[in-house]
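Student: Provided below are the primary sequence and the corresponding predicted coordinates.
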Amino acid sequence: MRACVLVLILLNAISCHKHSYDLEPATIRFHLPQDPILLNPVISEDAYSNVICTRIFESLLERDRKTLKMKGQIAEKWTIGADKLTYTFNLRRNILFHDGKPLTSADVLFSYNMMMSEKIPNAHKKVYYKDVLSVSAPDSQTVVFKMKKPYAMALEHLGGFEVIPQHVYSVGDFMKDERNLRGPVGSGPYTFGEWKTGQRVVLKRFDKYWGEKPEIDKIEFTIIKNDAVALQALKKGDVDSYNLRPLQWTRQTNSEKFQREFEKIKYLATSYRYVGYNMRKPPFNDRRVRQAMAHLMDLERVKTTILENLAEVTTGPFLPQSLQYNKSLKPLEFNPQKAIALLKAAGYAQDNNGLFAKDGKPLEIELMIAAGGGFADQFASVVKEDFARTGITLNLRKLEFQTMLTKINQRDFQAVMLGWSSGIESDPFQLWHTSQREKGHNFTGFGNAESDALIESARLTFDDKARNAIYHRFHELVYNEQPYTFLYTSYALIAVSKRFTNVNVYPLGLDLLEWRIRHE
């Protein structure tokens, strides 16, 4: 599975010119705003790790970018039993890992067992396999999964976890050895080269790759945290890809020179931003307070002034371009008077200075955001002013992304601004089922009997129309409870160097494997 991951919203791109030093003809540099946390697909949960691992590792199946249907990757073919309880995968015979050893069904079993091991802290992955009864390998090229009960998205997830080589990852401490965390070995089109923290991660084309080999010889992920510095690196040719910020897209990349050297590509991203609340303790254990927060965030003003109208305001836990999304629900309006009424109904009162308090305690909210500036900083500054005018103190706590994840996993936060990357269809179990409150990604503590029943019912419903009707009701329930204030799905704003050609846009984004060097 190309796992759904917590993100600060990551989207990649490309650029050109003569570089500041000699560059191999078929090398491309992507920009990354920060280092990956680690490069082990069994453990990783951040987008920065995922965007690199997807070039190194493969799974049994993948989703076709054009049709969105599942197609074979490591698996050459597969069959599903009439009762939808048995899934058989037949592996290709010519696949090698990057160290030259053949990939077999033993490696698939090992990868699955490691992913499901109680010693591995990856509850966000395990949730999709809770109904697997058994996994077996009748021979070196066959893997059979048996299910306890049918699951509508079983094929995507059974065929979607990354396969790692047993002979490499069974040696030493899986969770601690640096080789297992920072020296990935897979079977994908690119091999790991080097990782210099704070500078770059380098991948090299795997010449013994079983499939169609990409034209690009080497990929360098260049780490630049500052947006302005990253744009200058793009213009100078020090990176070959950059996801422009809205202001950069509309006002800083329109010169004739830039237009000659770069192609600008825009499409709706498969991710959304939100502010999430810890519902376990005051003040956010009260739905009225969470609803008040939504009425105090002027999303249309931010969309116009900060995002340059290059985003869509969202209302719930699915992508707006997905059939799961309930389009009948409208964003909660910016209305401080409604917010004040909700806070008063929740037992808060304003003192002579207009500040809200309850039981003698002022209403102070700590919002965790990522350090390093960018949209989170700008958005939080606007919200802070509106909160202050209403009588609420908003304190911003800026942390490095890995520290934020640690705090979230420990449930040590009050409110946090993050993003979520998703597929066109997603199973809400990982984020929203009550079984995921303690160790999973349901870090807000959301859920009740009805929400759980809807999630579980959708998993058993194979008819697309009926399943989407269930998701629409679930969306409505989340909308009413407001565990998140859903903000935006932004447009991916990608500058691609005209040194590259065959850069196509699909519903799931761009496909690097198709890109070619332009020969003139």
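Tutor: Great, that's in hand.

Student: so who does the residue of the chain positioned farthest from its centre touch?
Tutor: For the chain, the largest distance from the centre (CA atoms, centre = their mean) belongs to N352, which lies 44.9 Å off. Going by CB atoms under 8 Å, 6 or more residues apart in numbering, N352 touches no other residue. Backbone N, C-alpha and C define where each C-beta goes, glycine included.

Student: what's next to stretch 312-325, contact-wise?
Tutor: 268, 270-272, 299-300, 303, 326-327, 329-331, 422, 424-426, 428, 431-432, 464, 468, 471-472, 474-476, 478-479, 484, 486-490, 507.

Student: list the buried ones in it?
Tutor: By neighbour count with 16 or more other CB atoms under 10 Å, stretch 312-325 contains the buried residues 312-320, 322, 324-325.

Student: got it, and stretch 124-135?
Tutor: Neighbour counts over stretch 124-135 (16+ other CB under 10 Å) mark 124-129, 132, 135 as buried.

Student: equivalent analysis for stretch 64-73, please.
Tutor: Using 16+ other CB under 10 Å as the burial criterion, the residues of stretch 64-73 that qualify are 65, 70, 72-73.

Student: and it, how far out from the chain's middle?
Tutor: Computed by CA atoms, centre = their mean, to the nearest Å, the separation of stretch 64-73 from the middle of its chain amounts to 19 Å.

Student: picking that back up, of all the buried residues of stretch 64-73, which two lie farthest apart?
Tutor: The largest separation in those, counting by CB to CB, is between R65 and G72 at 14.5 Å.

Student: next, format the buried residues of stretch 64-73 as a markdown table and append distance to M368.
Tutor: Below are the buried residues of stretch 64-73 laid out as a markdown table (distance: CB to CB, whole Å):
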| residue | distance to M368 |
| --- | --- |
| R65 | 34 |
| M70 | 37 |
| G72 | 42 |
| Q73 | 37 |
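
Student: how much space separates the most centrally placed residue in the chain from R92?
Tutor: Nearest to the mean C-alpha position of the chain, by CA atoms, centre = their mean, lies S421 at 2.8 Å. Distance of S421 to R92, given as CB to CB, to the nearest Å: 28 Å.

Student: count of neighbours near M115?
Tutor: Using other CB atoms under 10 Å, M115 is surrounded by 21 other residues.

Student: what is the neighbour count of the closest residue in space to it that isn't next to it in sequence?
Tutor: Once flanking residues are discounted, M115 sits nearest to V42: 5.2 Å by CB to CB, 6 or more residues apart in numbering. Neighbourhood size, V42 [other CB under 10 Å]: 23.

Student: and V42, how far is that from I120?
Tutor: Look at V42 and I120: by CB to CB, they are 6 Å apart.

Student: mutual contacts of these two, please.
Tutor: By CB under 8 Å, 6+ apart, V42 and I120 have these common neighbours: 114, 174.

Student: for the longest helix seen in the chain, buried residues please.
Tutor: With secondary structure taken from DSSP state H, the chain has its longest helix at helix 464-481. If you call a residue buried by 16+ other CB under 10 Å, then helix 464-481 has these buried ones: 467-468, 470-472, 474-479, 481.

Student: would you map the strands across the stretch 51-200 of the chain?
Tutor: For the stretch 51-200 of the chain, the strands defined by DSSP state E, counting those that start in this stretch occupy 61-63, 70-72, 75-80, 86-91, 132-139, 142-147, 190-196, 200-205.

Student: A492 is in contact with P507, correct?
Tutor: No: using CB atoms under 8 Å, P507 is not in contact with A492, being 11.8 Å away.

Student: where does the protein dip in pLDDT?
Tutor: 1-25, 520 (pLDDT under 70).

Student: circling back to that earlier point, right, and the residue nearest to the centre of the chain touches T270 too?
Tutor: Yes: between S421 and T270 there is a contact under CB under 8 Å: 6.3 Å.

Student: for the residue lying closest to F206 once chain neighbours are set aside, name its beta-bridge partners.
Tutor: Among residues not flanking F206 along the chain, T191 sits closest, at 4.8 Å (CB to CB, 6+ apart). Counting by DSSP bridges, T191 forms beta bridges with K204.

Student: ok, T191 - how many residues close by?
Tutor: Using other CB under 10 Å, T191 has 22 neighbouring residues.

Student: could you do Q414 as well?
Tutor: With other CB under 10 Å as criterion, Q414 counts 17.

Student: just give me the closest of the buried residues of stretch 64-73 to T393.
Tutor: Nearest to T393 out of the buried residues of stretch 64-73 is R65 (CB to CB; 46.5 Å).

Student: ok, the closest one - contacts?
Tutor: 506-509, 511.

Student: if you set the cut-off to 10 Å instead, what comes out?
Tutor: Taking CB atoms under 10 Å, 6 or more residues apart in numbering as the criterion, R65 is in contact with 71, 504-511, 513-514.

Student: mind giving me the ChimeraX command for buried ones among the residues you listed?
Tutor: Per 16+ other CB under 10 Å, the buried members of the contacts of R65 correspond to this ChimeraX selection:
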select :507,508,509,510,513,514
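
Student: can you list the contacts of R65 in a markdown table and add distance to T444?
Tutor: Below are the contacts of R65 laid out as a markdown table (distance: CB to CB, whole Å):
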| residue | distance to T444 |
| --- | --- |
| K71 | 35 |
| N504 | 37 |
| V505 | 33 |
| Y506 | 32 |
| P507 | 29 |
| L508 | 27 |
| G509 | 28 |
| L510 | 32 |
| D511 | 34 |
| L513 | 37 |
| E514 | 39 |
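
Student: ok, of the contacts of R65, which one's closest to K264?
Tutor: Nearest to K264 among the contacts of R65, with distances taken as CB to CB, is V505, at 11.6 Å.

Student: give me the nearest residue to the closest one, chain neighbours excluded.
Tutor: That would be Y267: by CB to CB, 6+ apart, it lies 5.2 Å from V505.

Student: next, the buried residues of the helix or strand hosting the one you found.
Tutor: Per DSSP states H and E: Y267 is located in strand 262-268. Residues of strand 262-268 classed as buried by neighbour count (16+ other CB under 10 Å): 262-263, 265, 267-268.

Student: got the contact list for the residue nearest to E514 when sequence neighbours are not counted?
Tutor: Among residues not flanking E514 along the chain, N502 sits closest, at 5.2 Å (CB to CB, 6+ apart). The contact partners of N502, by CB under 10 Å, 6+ apart, come to 215, 511, 514-518.

Student: output those residues as a markdown table; include the columns secondary structure.
Tutor: Formatted as a markdown table, the entries for those read as follows, by DSSP: H, G, I helix; E, B strand; the rest coil:
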| residue | secondary structure |
| --- | --- |
| E215 | coil |
| D511 | coil |
| E514 | helix |
| W515 | coil |
| R516 | strand |
| I517 | strand |
| R518 | coil |
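
Student: what's the farthest-apart pair in those residues?
Tutor: It's D511 and R518 that sit farthest apart of the contacts of N502, by CB to CB, at 16.9 Å.

Student: quick one: work out the angle between the biggest strand by length in the chain and strand 262-268.
Tutor: Longest strand in the chain by number of residues (criterion: DSSP state E): strand 488-497. Interaxial angle, strand 488-497 versus strand 262-268 (axes from the mean of the first three to the mean of the last three CA atoms, to 10 degrees): 160 degrees.

Student: next secondary structure after strand 488-497?
Tutor: strand 500-501.

Student: what is that following strand packed up against?
Tutor: strand 516-517 (3 or more CB pairs under 10 Å, 6 or more residues apart in numbering; DSSP states H and E).

Student: mind checking the SS state of the closest residue to L296 other than its chain neighbours?
Tutor: In this structure, L296 finds its nearest non-sequential neighbour in A339, 4.8 Å apart by CB to CB, 6+ apart. Under three-state DSSP, A339 falls in the helix class.

Student: quickly note the distance from S422 to G183.
Tutor: To G183, S422 is 29 Å away according to CB to CB.

Student: looking at the two, which is more packed in?
Tutor: More neighbours surround S422 than the other of S422 and G183, with 23 against 14 (other CB under 10 Å).

Student: can you pull the contacts of the more buried one?
Tutor: Per CB under 10 Å, 6+ apart, neighbours of S422: 4-5, 7, 269-272, 317-319, 322, 324, 428, 430-431, 489.
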